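Visitor: with the input below, show me the fold.
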Amino acid sequence: MLLILAIAGNILLGLIPVLGFFLLMPLFSIFVLVLLLIGLLNGLNGRAKELPLIGKFRLIK
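Guide: Numbering: from 1, shown residues only. Okay, here's the model as predicted:
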């Protein structure tokens with residue numbers, strides 16, 4: 001789910017000429033990196049926790 005969010009966000013922000021590409025895309029990438037690190041740390045510690053904001057969405061039930 002995080003990968004789909006990252007790809008979709010980068011595509012959408014890449015379509016916005018200056019503001020999206022130079023200002024919003026780096027902030028979005030940092031946000032995705034933080035979510036990645038939260039998920040990685042929870043996985044390595046053996047805790048099954050949902051990620052903030054996108055954890056409630058499911059692709060496979």
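
Visitor: does Glu50 count as helix, strand or coil?
Guide: Following DSSP: H, G, I helix; E, B strand; the rest coil, the label given to Glu50 is coil.

Visitor: does the residue nearest to it when sequence neighbours are not counted count as helix, strand or coil?
Guide: Nearest non-adjacent residue to Glu50, counting by C-beta to C-beta, 6 or more residues apart in numbering: Lys56, 6.7 Å away. C-beta: built from backbone N, CA, C; applies to glycine. Three-state call for Lys56 (three-state DSSP): coil.

Visitor: how many neighbours does Lys56 have?
Guide: 9 (other C-beta atoms under 10 Å).

Visitor: so for the lengthiest helix in the chain, what gets flagged as buried?
Guide: Longest helix in the chain, counting residues (DSSP state H): helix 25-44. Using 16 or more other C-beta atoms under 10 Å as the test for burial, helix 25-44 gives Met25, Phe28, Val32, Leu35, Gly39.
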